[in-house]
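*Asks:* model the following, please.
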Amino acid sequence: MPSYIVAALYKFAHLPDYADLRDPLLNCMLRHKVVGSILLAEEGINGTIAGNRKGLDAVLAHIKSDPRFSNLAHKESTATEVPFYRTKVKLKKEIVTMGMPQVNPNQKVGTYVKPENWNELISDPDVIVIDTRNDYEYELGTFEGALNPDIKTFREFPRYIQANLDKNKHKKVAMFCTGGIRCEKSTSYLRTLGFEDVYHLEGGILKYLEKIPAEKSLWSGECFVFDNRVSLIHDLDEGHREICHGCRHALSKQDKKSPEYELGVSCPKCFDKQTSKQRQAYRERQHQMELAEQRGTIHIGAPQKNSIQA
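*Replies:* Just a heads-up that it's a prediction; the model follows:
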């Protein structure tokens, strides 16, 4: 049975005092034993957190007590094991890093499309469908017919648009991402470039997988998530992938059969990029994790436990 509730949340809002929000929020999360990460910036809030029902509700209530977040929406899923080992609230320049300060979703964004209407939109042959996520996320799963920008980070996305899209040629553009936040910025960016018919999936892939039954779905594969579950499938059930602790890529069955795969150390995607010193460090980390498991403790999670006790 699932023992953790996971909440993904974000909201763009003008927060000139964002640094003052950090400590009260962190203390609230620690007090209620809620794990995960939240980012605060002048442009808003973004994060994924996990805990029991009571603890999670307490943290969400704390966030929404600020009038600027009173209508904040979040998406929930479950986890059978702890999805995060630490509790963090970080101050950032951006809550999702695009590196384009002129892009402001608080001023303009694309048209929101509900999951129930998404299939019809992306089935239109006149619509260009773009996956705004990183290459390793696309590799794990995406919508049928979606273009892959082949980017390592979201900072590279504007260059992809400049090189591949023309507002006079590509009249309708639909974009999507995991929870919706990257599309807020990507559609806002296209609007600043003069694109008019720009759409994005409201609630992201997570809301689509929650709302749309598998038999009616145009989604293929699994959805990468940035926590210990690695991936999610329809109904937001946990996927069937493990992660390489050397490079954080999701592993397929073929990857794990490769001679370049070593548990906790490397996989075919990162084997040639590692130094012998790095492999030695990863092997020692894996060894310590196995020892901790034998003792019934969590090696990586020790700082989290100490923080909660403090």
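*Asks:* what sits against Ile49?
*Replies:* By CB atoms under 8 Å, 6 or more residues apart in numbering, Ile49 lies in contact with Val6, Ala7, Leu9, Met29, Val34, Val35, Gly36, Ser37, Ile38, Leu56, Val59, Phe84. Using the backbone N, CA and C atoms, a C-beta is placed for each residue, glycine as well.
*Asks:* show me where pLDDT drops low in this structure?
*Replies:* 1-2, 297-310 (pLDDT under 70).
*Asks:* and if we set it to 50?
*Replies:* 301-310 (pLDDT under 50).
*Asks:* domain parsing for it?
*Replies:* 4-91, 111-221, 254-309 (automatic domain parsing).
*Asks:* which parts of stretch 246-263 are buried?
*Replies:* Within stretch 246-263, the residues scored as buried using 16 or more other CB atoms under 10 Å are Gly246, Cys247, His249, Ala250, Leu251, Ser252, Asp255, Tyr261, Glu262.
*Asks:* also stretch 97-104?
*Replies:* For stretch 97-104, burial by neighbour count (16+ other CB under 10 Å) applies to Met98, Val103, Asn104.
*Asks:* what is the burial count for Lys152?
*Replies:* Neighbours of Lys152 under the rule other CB atoms under 10 Å: 9.
*Asks:* chain neighbours aside, what residue packs nearest to Asn106?
*Replies:* Among residues not flanking Asn106 along the chain, Phe12 sits closest, at 5.1 Å (CB to CB, 6 or more residues apart in numbering).
*Asks:* apologies, that question was intended for Arg68.
*Replies:* Ala13 (4.4 Å).
*Asks:* Provide a list of residues in contact with the one you found.
*Replies:* Ala13 touches Glu43, Gly44, Ile45, Arg68, Phe69, Asn106, counting by CB under 8 Å, 6+ apart.
*Asks:* for it, give its distance to His170.
*Replies:* 31 Å (CB to CB, to the nearest Å).
*Asks:* before we move on, the earlier item: the residue nearest to Asn106 against Lys108, yeah?
*Replies:* No: the pair Phe12 and Lys108 does not pass the contact test of CB atoms under 8 Å, sitting 11.2 Å apart.
*Asks:* go through the buried residues of stretch 246-263 and flag which are in helices.
*Replies:* Applying DSSP state H to the buried residues of stretch 246-263, the entries found in helices are Asp255.
*Asks:* name the nearest of the buried residues of stretch 246-263 relative to Phe176.
*Replies:* Ala250 (18.4 Å; CB to CB).
*Asks:* quickly list what that closest one is bridged to.
*Replies:* Legend: beta-bridge partners of Ala250 under DSSP bridges are Ile243.
*Asks:* coming back round to it: need the buried ones from the contacts of Ala13 selected in PyMOL.
*Replies:* Selection of buried members from the contacts of Ala13 for PyMOL, criterion 16+ other CB under 10 Å:
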select buried, resi 43+44+45+68+69
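*Asks:* need the contacts of Ala13 in CSV with distance to Glu184 and secondary structure, can you?
*Replies:* Below are the contacts of Ala13 laid out as CSV (distance: CB to CB, whole Å; DSSP: H, G, I helix; E, B strand; the rest coil):
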residue, distance to Glu184, secondary structure
Glu43, 10, coil
Gly44, 9, strand
Ile45, 13, strand
Arg68, 16, helix
Phe69, 15, helix
Asn106, 9, coil
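*Asks:* which residue ranges form the helices in this structure?
*Replies:* So, for the chain - with DSSP H - the helices run 18-31, 53-64, 115-122, 135-140, 157-164, 181-192, 204-211, 253-257, 276-295, 302-309.
*Asks:* what's the closest of those helices to Ser77?
*Replies:* helix 204-211 (7.1 Å).
*Asks:* which secondary structure elements does the closest one sit against?
*Replies:* strand 74-79, helix 115-122, strand 172-176, strand 219-221, strand 223-224 (3 or more CB pairs under 8 Å, 6 or more residues apart in numbering; DSSP states H and E).
*Asks:* touching it from outside, list them.
*Replies:* Outside helix 204-211, the residues that touch it by CB under 8 Å, 6+ apart are 8, 75, 77, 115-116, 118, 176-181, 183, 201, 203, 217, 219, 223, 232-236.
*Asks:* out of those, which end up buried?
*Replies:* Applying 16+ other CB under 10 Å to those flags 8, 75, 77, 115, 118, 176-181, 183, 201, 203, 217, 219, 223, 232-234, 236 as buried.
*Asks:* residues touching Lys114, list them.
*Replies:* Glu202, Gly203.
*Asks:* I'd like the distance between it and Ile233.
*Replies:* Counting by CB to CB, the gap from Lys114 to Ile233 is 21 Å.
*Asks:* same question for Ser252.
*Replies:* For Ser252 relative to Ile233 (CB to CB), the value is 15 Å.
*Asks:* in TSV: the helices of the chain, plus distance to Pro268.
*Replies:* Shown next, in TSV, are the helices of the chain (distance: least, CB to CB, whole Å):
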stretch	distance to Pro268
helix 18-31	37
helix 53-64	38
helix 115-122	31
helix 135-140	12
helix 157-164	25
helix 181-192	27
helix 204-211	26
helix 253-257	6
helix 276-295	14
helix 302-309	31
